[in-house]
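Chemist: Dropping the sequence and predicted coords here.
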Amino acid sequence: MTSKTVKCPKCKNETTITGKPGEKTQIICPKCNSKGVFTFPIENTESKTTTDSFTIEVNNLTKKYNNFKAVDNVSFNVKSGEIFGFLGPNGAGKTTAIKAILGLIQTDTGQIKINGIDIKEDEKQAKKHVGYLPEKVAFYNNLTALQNMHFYAEMKNVPKTECKPLIIEMGLEDAVNKKVGKFSKGMQQRLGMAQALLGNPPILILDEPSGGLDPRGVALIRDKIREMKNKGSSVFVSSHILAEVQAVCDSVGIINKGVLVAEDTLENLRDRLNLKPKLVMELEKVSDEIINSVKKLEGVEKVDVLGVMLHVICNPRAKSKIILAAEKAGGNILNIQTMEPSLEEVFMKFTEG
Amino acid sequence: MDLNSIYFIAKKEMMDNVRNLWIIVITIIFAILTIAMSALGSIFSDEWQGLGMTVALMMSIVQLLVPIIALMLGYAAIVKEIENGSMNTLISLPVKRMEIILGKFLGLGGVLSFTILVGFGLAGIVIGIMVPDVNYVEYLVFIGATILMGIVYLTVALFFSTLFKKRSAALGGAIFLWFFFNMILPVILLGIAFAGASITDIMSGNAPEWYYAVQLVNPMTVYSTLVTLSFGSMPTAMATPQLQYPEFYTSGLMVLILFIWIIGFLSLSYWRFYKRDI
Ligand SMILES: Nc1ncnc2c1ncn2[C@@H]1O[C@H](COP(=O)(O)OP(=O)(O)OP(=O)(O)O)[C@@H](O)[C@H]1O
Ligand SMILES: [Mg+2]
């Protein structure tokens, strides 16, 4: 119940009325008897779900296949509400680590907690909070997309009414009642994402979500990841497409040959590797004077000349000074571009050798 | 344990098989065969055979067919989902592996029971109309025993479906199983029989007790013993000569043995599946 004081438009008499949000009330002014209608405003019930505790904690995880360590003493944490990118070359152990988190494989050592619940102690409770898109998505081929989703909705205890809208959101409106056996790889991937999103899970685990998707599908997945983050979910995503990860991730973990070689925010990783942004200027004419005046500036590390292009590796704050200095030295700047060090460079640095 | 998860998996397993239609075809085949057996009996005598006689005639067909159906139903239950990849998603759902095994077992068991019950039940009703004085209780015991025997083979098949990496290997395993239970095991037990007792001793029930005990290793023997015991003595048309059973051969013991098979292989299936990397 909320109460509200309203003023009669005719006689300016004030009365207090009470009602539920969204309720329409007839008001009769006690003084002058004029009638009016007041609708109580609907409160903004869409408050962000607080998911502070919804995280993935992995401690000292080791998984051996025969004697080969696919994952070797790996520990990391996914903070609540963040998008965590899990990177590594082919065969690094990403899928193996993800399978361990979900209890798909037996582990040799280590502890895994989802939302504080040890997966070995109460796997059912732990998995309740997770939506998962496997690397090799597969469904029941004899069932339609909708029938498949209905089964997963039953198992997740989610209303079946969520199914169809999700299938449509993932761009499969023409295939709702088509058998999944007739789906293309990309269509299965889209349905897999719809399945993972069932019930708005506070934790989303996606193993190479862009696999087999066209550019529009890739963009769709990226939007969904952002949308889930805005709803307060934590997203754990393994990927090869570094530009993708760079565009959405807050933190990254890099795994190589089963060993976690880095875990940090992207910015910190760049700093640690001393990767600086690059300023690229196209000049009408390059002269020694220009080069020297730029080189002298504080924050400038390196200047390379490629024809009429000046590549300056520098501190981000020095950019405007560089431009001014170049112009002062008589340079006519035709075009300016800044290049942030890409995740690719970070990735290569950590996984070389 | 969560009954809802078990129920949803069982329901899906049933629906899959019903959608497949083959299980409906088999139900009809059962009914037709049974009715045909009864009607064919009229060649030898002037009228349709009663249910007891029909059961006796049916036994050998049932002993061939029911294991095949059970093995076909169960051999791929787990391995097909692992091979195809849908097991990844299934296990990621809030469900325990125990619930997956039980759901599959109950769903497939339901399909098998339904097939046997409806197939033979329909036939029983038809025969009941044609023949006076039918003992339905005995016939129901026969149906129940057949279901129990079918479920034994189903759990063995379920175990095999947790054992292999490839569906094709599991199929090979299931075919081997059928041969083993129908051909190899009986020969082994027969060998033991001749080593342990003479034919006349066996026929008259004078063989040592351990000999009779060893025969119960074969679930099919347990099943046919159970049916024979409940029908009193089998009509003479039965192909195998009438054995004299020792005193410890009771219906209760036979049912117990079949249950031990079921629980044993269900446990083995769970144990294998639990330890398995997907
Ligand atoms: N079932 C298995 N049996 C034996 N070895 C395995 C098995 N699964 C994975 N491996 C090995 O473990 C290592 C890690 O594999 P994993 O699938 O985790 O890599 P990944 O990082 O996901 O690679 P990709 O980027 O290609 O998907 C590989 O060397 C792989 O050969
Ligand atoms: Mg992988």
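Modeler: That came in fine, so what should we check first? Ligands and ions are numbered 1, 2, ... in the order given.

Chemist: Can you give me the pLDDT of the residue in chain B positioned nearest to ligand 1?
Modeler: Of all residues in chain B, B:Asp277 sits closest to ligand 1, at 5.9 Å by C-beta to the nearest ligand atom. To be clear about C-beta, it is placed using only N, CA and C from the backbone, and glycine gets the same treatment. pLDDT recorded at B:Asp277 is 93.

Chemist: Just give the nearest non-adjacent residue to it, would you?
Modeler: A:Ile105 (4.2 Å; C-beta to C-beta, 6 or more residues apart in numbering or on different chains).

Chemist: which residues touch that neighbour?
Modeler: With contact set as C-beta atoms under 8 Å, 6 or more residues apart in numbering or on different chains, A:Ile105 has these partners: A:Lys63, A:Thr96, A:Lys99, B:Asp277, B:Ile278.

Chemist: got a winner among those for most neighbours?
Modeler: A:Lys99 (25 neighbours; other C-beta atoms under 10 Å in any protein chain shown).

Chemist: show me the contacts for that residue.
Modeler: Each residue near A:Lys99 by C-beta under 8 Å, 6+ apart is listed here: A:Ile105, B:Asn88, B:Asp277, B:Ile278.

Chemist: I'd like the average pLDDT over the helix or strand hosting it.
Modeler: For A:Lys99, the host element (DSSP states H and E) is helix A:94-101. What helix A:94-101 shows for mean pLDDT is 96.

Chemist: Do that helix and ligand 1 come into contact?
Modeler: Yes: applying C-beta under 6 Å from any ligand atom, one finds helix A:94-101 in contact with ligand 1 at A:Lys94, A:Thr95, A:Thr96.

Chemist: next one: that helix to chain centre, how far?
Modeler: Taking C-alpha atoms, centre = their mean, to the nearest Å, one finds the center of helix A:94-101 at 18 Å from the center of the full chain.

Chemist: In CSV, list the contacts of A:Ile105 along with distance to B:Tyr212.
Modeler: Formatted as CSV, the contacts of A:Ile105 follow (distance: C-beta to C-beta, whole Å):
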residue, distance to B:Tyr212
A:Lys63, 51
A:Thr96, 53
A:Lys99, 51
B:Asp277, 44
B:Ile278, 45
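
Chemist: distance between the ends of stretch A:293-309?
Modeler: With C-alpha to C-alpha, to the nearest Å applied, stretch A:293-309 spans 16 Å between its terminal residues.

Chemist: Near the residue of the stretch 251-353 of chain A found nearest chain B, how many other residues are there?
Modeler: Nearest residue of the stretch 251-353 of chain A to chain B, counting by C-beta to the nearest C-beta: A:Gly258, 15.7 Å away. A:Gly258 has 22 neighbours, counted by other C-beta under 10 Å.

Chemist: Just list the residues touching it, thanks.
Modeler: Going by C-beta under 8 Å, 6+ apart, A:Gly258 touches A:Lys69, A:Ala70, A:Val71, A:Asp72, A:Val74, A:Ala92, A:Gly93, A:Thr96.

Chemist: Compare the residues you listed and tell me which is most surrounded.
Modeler: A:Val71 (30 neighbours).
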